[in-house]
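>>> okay, here's the prediction I keep looking at, along with the sequence it came from:
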Amino acid sequence: MKGAVSKRHWQQKFDMLAVLALALTVFAWMPLVGPFYFKAHDSRHALFYAVEFFQSVAEGYLVPRWGPDFAFGRGYPVFVFYSPLSLYIVQSFRYVGLGVVASVKAAYVVGFLFGAAGMYRLARRWFGRQAALLSTLAFTYLPYHLVDIYVRGALAEFWALAWFPWVLLAADALVGRPDRRRVAAFGLAYGALIWVHSLTAILFTPFLGLFLLARWLAVWRDARALPWRPALGIAGGVGLGLWIAVGFLVPNVAEQKYIALEQWTSKNYQYDKQFVYPGQFLSPFWGFGYAVEGPEDGMSFQLGIVGVGLVAGAIWLALRDELSRRQRELVWLFAAQLLLLLWAMTPASAWAWRALPPLQFIQFPWRLLAVAVTVVSVMGGAVAAWAARQWRGLVVAPPVFILSALVLLVALPYTVPRYTPPNPREETVLVLFDFEREHPDMVGYLATTQQQPTSSPMLAQFEAGQPPQKFRVLSGQAEVRQLRYRGVVVEAEIRAATPATIEVMTYFYPGWQGWLDGQPLPLRPEGIYGHIAFNVPPGEHRVVLRFTDTPLRRVATLTTGLGLLVAAVLGLFPRRRTSLSSKNARRH
């Protein structure tokens, strides 16, 4: 009898449709299986970011900030401004022996599965299992999700999209029944989203805020009294999420003055050159080109014919009162949000973008399509929920089966990337230099840089597989012998016959520190590129330069660590609830 009960309990817990939903994502990520990489706008970014990130991790930096070989070997503080969590995921595969290309592709595969699992749980919570199947497939195969990987190659944004359902799931649970564990779960989910891709997190936050407000108002209405606990839970969860994000956000904001920020917000990066025209949301066009000013873009901004149909079906069902009250509220909330998202991507919203200067850092208004993918997928769940009620008793209702098949069939042509043959350079820093040669406008430079670099004498040494020789004598009589170069650490022996000025072909940036014969060595920017320079007296000397955390970065990192500790304590040791009966027992 006990065995039969256990078997029945296991059958209730086992969700066959969840397994099916995850299995059907295979057509989205199977093109990544094999030796070939693919060509996309930023597909090489993931490779050289991974190479550079690994160098700093190998030197013992838990939170890397410096990309040592950017700008043709001069280095750049790329990881101060690029959210790094997706690169930690890539590095986890490198530690088990995969190469750079294989690790990046594995991170993409896991991103597909992680996002699909989150959407399945979210849609099942609101609409049921059949709805979760359809919503998961829609989330995986809606066009912009595939654009993000096979056209753009945007690893961090791709992972941010995978994070959205989990943040919503944590938010819904927090408002519905706030407690310490749910505060911790939401704080971790929201904070991690910022660490995954801060720009996408900025775009997602207003959508999340409206969702939390709507859910709180619904709780208020049902409780017929002001619900203080959910309000405090929301405040605590958002506060914890921002606390966890301090380690990235504070250095990012504080150090923008040290870089040439206009390099990343002008020309083709200007938001007003990247608006979407309404017809493009419905156009079936698919291309691998770039987004340009005007409607003649080389990439797709379509919502997808099936996606449009799901939204229309959900609204029609809500109008006909065919859904439960909770489901209708979700449909109307997400429909309103979708309209707002679409408007914000069109030229009609230009005044709002001008009124909010920080939005210029978003660069591309069409990034909001990532949020739209989530909205459309959830609304599709409402259609499947209605169909499941009409065909009770069936594992999958015919309309759900048909719509799921349509999602797959329509999307399959979009899952074919532009393959590139295996290239050994993609496993090394040489892939970075290939990119910088092809795109000289994207070579990073600092506020102290008077001229954007176009090359470097170090390139020949990199090409020959030799350590780059970083030191040059600017003035005086001296000989320099480089002893060690490890990206964020460089060491040399200097023999100076006279006082001399030595240049290191690395950008001067806060965090670089020097020691001459074990004593602190003042450093300064020098020349048109703002390289590191220092003076040495006559004699034989040993000099060490290392990129270190500034006090601000160190405090910010420790603050994030403390936030994670608080989240762990809240999650692992929630406050015990004392039942009414036990309270009465103690009284007597």
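It's in.
>>> so who does residue 534 touch?
Counting by CB atoms under 8 Å, 6 or more residues apart in numbering, residue 534 touches 501-502, 504, 514, 516, 521-524, 543. Every residue, glycine included, has its C-beta placed from N, CA and C.
>>> and these, which is closest to residue 453?
Closest approach between these and residue 453, by CB to CB: residue 504, at 14.7 Å.
>>> can you list the weak-confidence ranges in this protein?
1-13, 574-588 (pLDDT under 70).
>>> all strands of it, in order?
Here the chain has its strands, by DSSP state E, at 37-39, 418-420, 471-475, 478-485, 489-496, 500-507, 512-516, 519-521, 524-526, 531-536, 539-547.
>>> sheet partners, orientation included, of the second one?
As defined by DSSP bridges, the strand partners of strand 418-420 come to strand 37-39 (antiparallel).
>>> buried sites along the strand it pairs with?
Neighbour-count burial for strand 37-39 flags 37-38 (criterion: 16 or more other CB atoms under 10 Å).
>>> out of the strands of the chain, deepest packed?
strand 500-507 (a mean of 23; mean count of other CB atoms under 10 Å).
>>> let's see that one as PDB, backbone CA atoms only.
Provided in PDB are the C-alpha atoms of strand 500-507 (Å, rounded to 0.1, in the frame of the first residue of the first chain):
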ATOM      1  CA  ALA A 500      65.100  58.000 -17.200                       C
ATOM      2  CA  THR A 501      61.400  58.100 -18.100                       C
ATOM      3  CA  ILE A 502      59.900  54.700 -18.900                       C
ATOM      4  CA  GLU A 503      56.700  54.100 -20.900                       C
ATOM      5  CA  VAL A 504      54.500  51.000 -20.500                       C
ATOM      6  CA  MET A 505      52.300  50.400 -23.500                       C
ATOM      7  CA  THR A 506      49.200  50.100 -21.400                       C
ATOM      8  CA  TYR A 507      46.500  52.700 -20.800                       C
END
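>>> given that strand, what are its sheet partners and their directions?
strand 471-475 (antiparallel), strand 531-536 (antiparallel).
>>> and that strand with strand 512-516, angle?
150 degrees (axes from the mean of the first three to the mean of the last three CA atoms, to 10 degrees).
>>> show residues contacting strand 500-507.
So strand 500-507 is contacted by 68, 71, 73-76, 445-446, 448-449, 456-458, 468, 470-478, 480, 490, 494, 512, 525-527, 529-536, 543, 545 (CB under 8 Å, 6+ apart).
>>> any idea how far the nearest residue to residue 442 once chain neighbours are set aside lies from residue 73?
Once flanking residues are discounted, residue 442 sits nearest to residue 436: 7.0 Å by CB to CB, 6 or more residues apart in numbering. Distance, residue 436 to residue 73, by CB to CB, to the nearest Å: 10 Å.
>>> hang on, the earlier thing: out of the strands of the chain, the one nearest residue 278 is which?
strand 418-420 (28.6 Å).
>>> list of residues touching that closest one?
36-40, 150, 288.
>>> do that again at 7 Å, thanks
Strand 418-420 has contacts (CB atoms under 7 Å, 6 or more residues apart in numbering) with 36-39, 288.
>>> show me which of those residues is closest to residue 61.
residue 37 (27.1 Å).
>>> that closest one and residue 101 touch, don't they?
Yes. The pair residue 37 / residue 101 is scored as a contact, 5.1 Å apart, by CB atoms under 7 Å.
>>> circling back to that earlier point, reformat the contacts of residue 534 as JSON lines; add distance to residue 346.
Formatted as JSON lines, those follow (distance: CB to CB, whole Å):
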{"residue": "501", "distance to residue 346": "55"}
{"residue": "502", "distance to residue 346": "55"}
{"residue": "504", "distance to residue 346": "49"}
{"residue": "514", "distance to residue 346": "52"}
{"residue": "516", "distance to residue 346": "58"}
{"residue": "521", "distance to residue 346": "55"}
{"residue": "522", "distance to residue 346": "53"}
{"residue": "523", "distance to residue 346": "49"}
{"residue": "524", "distance to residue 346": "48"}
{"residue": "543", "distance to residue 346": "56"}
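>>> from these, pick the one nearest residue 161.
residue 504 (40.5 Å).
>>> show me the beta-bridge partners of that closest one.
Bridge pairing for residue 504 - DSSP bridges - gives residue 471, residue 532.
>>> can I see the domain layout of this structure?
Following automatic domain parsing, one finds the domains of the chain at 83-424, 462-547.
>>> rewinding a little: and for residue 37 and residue 101, which residues touch both?
Contacts common to residue 37 and residue 101, judged by CB under 7 Å, 6+ apart, are residue 426.
>>> quick one: contacts for residue 530?
446, 448-449, 507-508.
>>> again, but for residue 315
331, 335.
>>> what separates it from residue 384, distance-wise?
15 Å.
>>> look up how far residue 195 lies from residue 49.
When residue 49 is compared with residue 195 (using CB to CB), they lie 14 Å apart.
>>> same question for residue 516.
On the measure of CB to CB, residue 516 and residue 195 end up 37 Å apart.
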